[in-house]
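Enquirer: my questions concern the predicted model and sequence given below.
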Amino acid sequence: MEPRIVLGIETSCDETAAAVLENGKDILGSVIASQIDIHSEYGGIVPEIASRKHVEAIHPVVQSALAEADLGFHDVDAVAVTQGPGLVGSLVVGLSFAKAAALAAGKVLIGVNHVQAHLLSVFLENAAPPEFPFVGLVVSGGHTSLYLVRSFLNIELLGQTRDDAAGEAFDKVAKVLGLPYPGGPVISKLAENGDIRRFKFPRARLPETPCDFSFSGLKTAVMQQVRNMEHKGQIVPVEDVCASFQEAVVDILIEKTLAAAAEYGVSCIAVSGGVASNMCLRRDMLNRAQESGLKCHFPKQEFCTDNAAMVALAGYHLLKEGMSIGPDADVYSRLPL
């Protein structure tokens, strides 16, 4: 089937999002309802609160996206919805709404892998998108993974985090430093005035599985440094800690991505996910890629965090290959093996 209009729905974590995509490239409407202000009070995502807020927001968000596109539900050819991975309660809200809407209107229903959608976000509103094959790095609060992307649907996992995701490490370090949630933007801002050489924090390279990541040791090293200084009555140089920590994370993300590109003989890399909006990562990855003779792609800032346009795009390509789901489909919290 060659779908023309795809409605995308995203509720994998704490953003309720809907978008309308035409012909796999033109975004006619896109709406995102964020819960950051709600969860910042608790220093992180509270799953039960997230799912309840999705219930409140999903219908008006979908209606707003359709209104922005100046379309009704009857104009939609298919509904693409994030099926996983993510928070189960949040995913259930999105999938249940999509099932009911698609069944009532006689529309095709497509289940989308959230991480695959992030990989494809670099094709949104990009006049010069990456060429296949490319190495894709997805780096966010829940995922840090490397993929070999041969086509829109032919995607091979090369490696992933063994413990904390990069974004999760940012949040936990921010909490240790007494900084607000989410930690990534705050640490990035403070790091601008910090000394990246003040602290030598560890980089986990994992030679036996070079495409895998580990950030728990780095996180622990930062925690110990801060606590030792506090125990001695010393003033913690927060900006320097942020700069040194961020430098360690960015170093290992770049090193492993470029190594994977060399290993698999590709000339193009792409970085997506929430942490892809980090300006230090964007700058240094682009510079290092250029030095290595590689083309490097990032999504626009608005497509780095969770959004429904990327879900609609993934759904568009899935449906072109005849892949859809039925009313008995369920969500999954983790990536299928």
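Expert: Sure thing, it's come through.

Enquirer: any stretches of the chain with poor pLDDT?
Expert: 1, 336-337 (pLDDT under 70).

Enquirer: scan it for its longest helix.
Expert: Assignment by DSSP state H gives helix 238-263 as the longest helix of the chain.

Enquirer: distance between that one and the chain's centre?
Expert: Averaging C-alpha coordinates over helix 238-263 and over its chain gives two centres that are 17 Å apart (CA atoms, centre = their mean, to the nearest Å).

Enquirer: name the next helix or strand downstream of it, please.
Expert: strand 268-272 (DSSP states H and E).

Enquirer: which residues are in contact with that following strand?
Expert: 118-119, 121-122, 130-131, 133-139, 149, 253, 257-258, 261, 281-282, 285, 289, 294-299, 303-304 (CB atoms under 8 Å, 6 or more residues apart in numbering). C-betas here are computed from N, CA, C, even on glycine.

Enquirer: after that strand comes which helix or strand?
Expert: Next element after strand 268-272 (DSSP H and E): helix 279-291.

Enquirer: list the buried ones in that next one?
Expert: For helix 279-291, the neighbour count (16 or more other CB atoms under 10 Å) marks 280-282, 284-286, 288-289 as buried.

Enquirer: turn those into a markdown table, columns for distance to C13.
Expert: As requested, the buried residues of helix 279-291 are exported to a markdown table (distance: CB to CB, whole Å):
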| residue | distance to C13 |
| --- | --- |
| C280 | 23 |
| L281 | 20 |
| R282 | 22 |
| D284 | 27 |
| M285 | 24 |
| L286 | 27 |
| R288 | 30 |
| A289 | 29 |
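
Enquirer: just curious, which of those residues is nearest to A105?
Expert: Among these, R282 lies closest to A105 (CB to CB), at 40.4 Å.

Enquirer: circling back: just the buried residues out of the contacts of strand 268-272, in ChimeraX syntax.
Expert: Buried members of the contacts of strand 268-272, defined by 16+ other CB under 10 Å, are picked up in ChimeraX with:
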select :118,119,121,122,130,133,134,135,136,137,138,139,149,253,257,258,261,281,282,285,289,294,295,296,297,298,299,303,304
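
Enquirer: do a quick rundown of the helices in the stretch 101-250 of the chain.
Expert: Secondary structure of the stretch 101-250 of the chain by DSSP state H, counting those that start in this stretch: the helices cover 114-120, 166-176, 183-191, 216-231, 238-263.

Enquirer: for the third one, packing partners?
Expert: Counting by 3 or more CB pairs under 8 Å, 6 or more residues apart in numbering; DSSP states H and E, the packing neighbours recorded for helix 183-191 are helix 166-176, helix 238-263, helix 279-291.

Enquirer: CA atoms only: put that helix into PDB for me.
Expert: In PDB, the C-alpha atoms belonging to helix 183-191 read as follows (Å, rounded to 0.1, in the frame of the first residue of the first chain):
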ATOM      1  CA  GLY A 183      19.700  17.300  33.800                       C
ATOM      2  CA  GLY A 184      21.000  17.400  30.200                       C
ATOM      3  CA  PRO A 185      20.200  21.000  29.300                       C
ATOM      4  CA  VAL A 186      21.300  22.400  32.700                       C
ATOM      5  CA  ILE A 187      24.600  20.500  32.700                       C
ATOM      6  CA  SER A 188      25.200  21.600  29.100                       C
ATOM      7  CA  LYS A 189      24.600  25.200  30.000                       C
ATOM      8  CA  LEU A 190      26.900  25.200  33.100                       C
ATOM      9  CA  ALA A 191      29.600  23.300  31.200                       C
END
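
Enquirer: quick check: angle from that helix to helix 166-176?
Expert: Counting by axes from the mean of the first three to the mean of the last three CA atoms, to 10 degrees, helix 183-191 points 70 degrees away from the direction of helix 166-176.

Enquirer: residues contacting helix 183-191, please?
Expert: 141, 167, 170-175, 179-180, 238-239, 242-243, 245-247, 274-275, 277-280.
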